[in-house]
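sequence and predicted structure are below.
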Amino acid sequence: MIEGIVFATTKETNIRLRKWRRSKIDVRVKLCRSQEPGNAVAVRSDTMSEGGMSVYASELLDVGTSVLVEFSLPGTLTELRLRALVRNRSGFRCGLEFTEVAESDRSLIRSYLRSLMEEHGQSPDARRERELA
């Protein structure tokens, strides 16, 4: 798994299919370790999908750390509070997999990401992104 996303590799083409398409998104995210709810830090997002997001965090977060992320999607008034797990880290960038997402929150994320894709002329129905293995 990379950044909380499951890949499938086809034998014929050796291409990995991403479960969710990622979109660039730059929002302020409040992040705190689940064991330390009073010690939230502000970080910036990089990309997001229905299954997770990547953020830039100067604080050291070990892979496997459980965190709580709070953020609002641009153009919405709803603040999302989601539990996530650090799946990978490269320098300051951390890949987070959402682990507890209410269906209403997932729907809001899905709608927002679809609007971003449409805005950039991408097909929102193209649910899988191909990457060379």
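Received it, and whenever you're ready, just let me know what you need.

what about the spatially most central residue of the chain, distance to Glu100?
Residue closest to the average C-alpha location in the chain (Cα atoms, centre = their mean): Met53, at 1.6 Å. Met53 is 14 Å from Glu100, where distance means Cβ to Cβ, to the nearest Å. To be clear about C-beta, it is placed using only N, CA and C from the backbone, and glycine gets the same treatment.

Val86: how many residues sit nearby?
Using other Cβ atoms under 10 Å, Val86 has 22 neighbouring residues.

now Leu73
19.

what do you get for Val69?
Neighbour tally, Val69, other Cβ under 10 Å: 21.

that one reaches Val27, doesn't it?
No: with contact defined as Cβ atoms under 8 Å, Val69 does not count as touching Val27 (10.4 Å).

now do the strands in the protein.
Along the chain, counting by DSSP state E, strands occupy 7-9, 15-18, 23-24, 28-33, 41-49, 52-56, 66-72, 79-90, 93-100, 130-132.

mind showing which ranges of the chain have poor pLDDT?
Within the chain, the segments meeting pLDDT under 70 span 1-18, 20, 34-37, 120, 122-133.

make it 80
1-21, 34-38, 60, 117, 119-133 (pLDDT under 80).

wait, Val67 sits on Val86?
Yes: here Val67 reaches Val86: they are 6.5 Å apart, a contact under Cβ under 8 Å.

need the contact list for Asn32.
No Asn there; residue 32 is Cys. Gly38, Asn39, Ala40, Val41, Val67, Leu68 (Cβ atoms under 8 Å, 6 or more residues apart in numbering).

verify the stated contact: the fourth one with Leu61.
If I follow you right, that is Val41. No: taking contacts as Cβ under 8 Å, Val41 lies outside contact range of Leu61: 9.7 Å.
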